[in-house]
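**Student:** Got a predicted structure here, sequence first:
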Amino acid sequence: MPALILSRRAFQSMRKIPSVTLIFSLFLLTRPALVQADSLDAHTGSLDVQNCHQLTLGDPLNGWPRSLSWLSDEDLLVVDSKESRIWRIDLNVTDANGKVPVVDALEQDRYDLNKLDRVFAIHATTSGFLLENRSTTKEIVQFDTSLLGRTQKKFRPKGVMIGSRELVSTFDWEPMGDGILTFGLLKGKGTDDWQGSFLYLDKSSDGETKGRIVLTVMSSLTSAVRFHYLSDINYIVATSSRSAYLLLMGPSSSIAEVQLGDKGEADQIRILEPLPEGFRARPTFRHDDRWGGARRATENLKDVENSSLPAGLFAWQGFLYLLAKGRMDELGETPWWLIKLDPSDGMELARFRLPTSAAHLVVTPGRSFWALLERDPVQGIGPYHAPYLPTNQILLVPGAWLEEPYKGRLSETYRITCQHE
């Protein structure tokens, strides 16, 4: 099996799209954590990679931050799909109040992003970034590593014909080789016949986007698992140009390994062991059988907060990591874990209790830190009770704590307490 050790950028997964049309999406977001941060210099300084840090943002993100990526080791990009903004956060800079400034990357001259009018997601690759723009063209555009200019690589998934079905919309996606691996909804031409499938999209010799079905997991729009696949959790992670892992939702959720076929060969799918006990069963939601709607979205997100469930899949340093959340308790605190899995069979190798009690999280691994964007419990804002999850905290957990000799730092019995600056 291909090695799983990739560059840091290959594992950034800032996915999915909380738009008005997907307002019921399940977002991993948060409220202020139990731990507070180690100190930083008053204005600039280098982060200690052996300690956790909880940073307060100078300006709260009150839109819908749904995608994170590392611009450098201590520079984060945050995509807010509601406000259609890309925020840049330099983790080494604090203002006079000890808060981390938030800069609008779209308004900085050094970023050639002015034509991206509906930014929804960003993914780092080994050669730069792919940005999803849901304007009228609905395209995925390649940028270089500095975001100074775009290249010619563009994917336009919407409307692609795959057999007799049209690709209507895509959700989670991940760069993979010369294309992307994504989950999409397909509709029969002129019919009401829908299905949900994992798809591989790339470009044909004439430059047009083409695709094929890798695995079908939904046979209709009334599928009981659609809430999960149309949500904002990271359930696709690519580990090489031909290999990936999928978080499959169902009565006994599991992980599938995908090996893309080469030169017309069939794709290979292998189902690994079921997820760890306590996170296998698919929770039910009060509006599981209905589409969209602001009030239903808010109520479903409250159900998420009161459920134990798999909340994302990541790859780091040669292993898979399952992000898992527990039920919110009577104090409004939520337990979170990173569960280390063997990529060969999916068996649990270790379990790390994360130093946060956030209601929801957006997570991305980096070379030195795992970044956790913490978000508050959902609030319904009238008149339509649209879900609203404000955030003003970022938690940085050292990657070293997931390895020896720091393993005990994230145990159930040894609770980390960091000091907030």
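**Tutor:** Everything's here; your move.

**Student:** helices and strands around the helix or strand hosting residue 296, which ones?
**Tutor:** Applying DSSP states H and E as the criterion places residue 296 in helix 294-305. Packing contacts for helix 294-305, counted by 3 or more C-beta pairs under 8 Å, 6 or more residues apart in numbering; DSSP states H and E, involve strand 360-365, strand 379-381, strand 386-388. To be clear about C-beta, it is placed using only N, CA and C from the backbone, and glycine gets the same treatment.

**Student:** Low-confidence bits of the stretch 201-350 of the chain, can you list those?
**Tutor:** Along the stretch 201-350 of the chain, the parts satisfying pLDDT under 70 run over 287-292.

**Student:** Contacts only, for the closest residue to residue 155 other than its chain neighbours.
**Tutor:** Excluding the flanking residues, the one nearest residue 155 by C-beta to C-beta, 6 or more residues apart in numbering is residue 140, at 4.2 Å. Counting by C-beta atoms under 8 Å, 6 or more residues apart in numbering, residue 140 makes contact with 130, 131, 132, 133, 154, 155, 156, 157, 173, 180.

**Student:** go again using 7 Å as the cut-off
**Tutor:** Residue 140 sits next to 130, 132, 154, 155, 180 when contact means C-beta atoms under 7 Å, 6 or more residues apart in numbering.

**Student:** and the angle for the helix holding residue 296 with strand 360-365?
**Tutor:** Between helix 294-305 and strand 360-365, the angle comes out at 70 degrees (axes from the mean of the first three to the mean of the last three C-alpha atoms, to 10 degrees).

**Student:** Which is the succeeding secondary structure element to helix 294-305?
**Tutor:** Sequence-wise, the next helix or strand downstream of helix 294-305 (DSSP H and E) is strand 309-316.

**Student:** what lines up beside the very next helix or strand once past that next one in the sheet?
**Tutor:** Scanning forward in sequence from strand 309-316 by DSSP H and E, the next helix or strand is strand 319-325. Partner strands for strand 319-325, per DSSP bridges, with pairing direction: strand 309-316 (antiparallel), strand 336-341 (antiparallel).

**Student:** List the contacts of the first one.
**Tutor:** Same thing as strand 309-316. Outside strand 309-316, the residues that touch it by C-beta under 7 Å, 6+ apart are 4, 11, 13, 28, 233-235, 237, 239, 245, 247, 253, 255, 275, 279, 283, 320-325, 363, 365.

**Student:** Would you mind checking the residues you listed for buried ones?
**Tutor:** 4, 11, 13, 28, 233-235, 237, 239, 245, 247, 253, 255, 275, 279, 320-325, 363, 365 (16 or more other C-beta atoms under 10 Å).

**Student:** Identify the single longest strand in the chain, thanks.
**Tutor:** strand 165-176 (DSSP state E).

**Student:** Mind giving me the packing neighbours of the very next helix or strand once past it?
**Tutor:** Later in the chain than strand 165-176, the nearest helix or strand by DSSP H and E is strand 179-188. Secondary-structure packing of strand 179-188 (3 or more C-beta pairs under 7 Å, 6 or more residues apart in numbering; DSSP states H and E): strand 165-176, strand 194-203, strand 236-238.

**Student:** on contacts alone, who are the packing partners of the first one?
**Tutor:** For strand 165-176, the packing partners by 3+ C-beta pairs under 7 Å, 6+ apart come out as strand 119-125, strand 179-188, strand 236-238.

**Student:** at 10 Å what do you get?
**Tutor:** strand 119-125, strand 128-133, strand 139-143, strand 179-188, strand 194-203, strand 209-218, strand 236-238, strand 243-248 (3 or more C-beta pairs under 10 Å, 6 or more residues apart in numbering; DSSP states H and E).

**Student:** Of these, which is nearest residue 162?
**Tutor:** strand 209-218 (5.2 Å; C-beta to C-beta).

**Student:** okay, the following helix or strand past that closest one in CSV with CA atoms only?
**Tutor:** Going down the chain from strand 209-218, the next helix or strand is helix 226-229, by DSSP H and E. Provided in CSV are the C-alpha atoms of helix 226-229 (Å, rounded to 0.1, in the frame of the first residue of the first chain):
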residue,chain,number,x,y,z
ARG,A,226,-28.1,12.2,3.5
PHE,A,227,-27.8,14.7,6.4
HIS,A,228,-24.3,13.5,7.0
TYR,A,229,-23.1,13.5,3.4
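
**Student:** and helix 226-229, how far out from the chain's middle?
**Tutor:** Computed by C-alpha atoms, centre = their mean, to the nearest Å, the separation of helix 226-229 from the middle of its chain amounts to 14 Å.

**Student:** Adjust the sequence numbering to begin at 586 for everything that follows.
**Tutor:** Right, with 586 as the first residue, what we last looked at is helix 811-814.

**Student:** Below-threshold pLDDT in the stretch 636-785 of the chain: ranges please.
**Tutor:** 691-702, 721-722, 733-737.

**Student:** The same query, at a cut-off of 50, please.
**Tutor:** Where the stretch 636-785 of the chain drops to pLDDT under 50, the residues are 695.

**Student:** that older thread, may I see the contacts of residue 725 organised as a markdown table, with neighbour count added?
**Tutor:** Converted to a markdown table, those look like this (neighbours: other C-beta atoms under 10 Å):
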| residue | neighbour count |
| --- | --- |
| 715 | 22 |
| 717 | 27 |
| 739 | 16 |
| 740 | 25 |
| 765 | 24 |
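
**Student:** tell me which of the residues you listed is nearest to residue 978?
**Tutor:** residue 717 (25.5 Å).

**Student:** surely the closest one meets residue 652?
**Tutor:** Yes: the pair residue 717 and residue 652 qualifies as a contact (C-beta atoms under 10 Å) at a distance of 8.6 Å.

**Student:** Residue 654 pairs with what?
**Tutor:** Beta-bridge partners of residue 654, counted by DSSP bridges, are residue 662.

**Student:** ugh, wrong one, residue 766
**Tutor:** Beta-bridge partners, per DSSP bridges, of residue 766: residue 759, residue 785.

**Student:** Perfect, that will be all.
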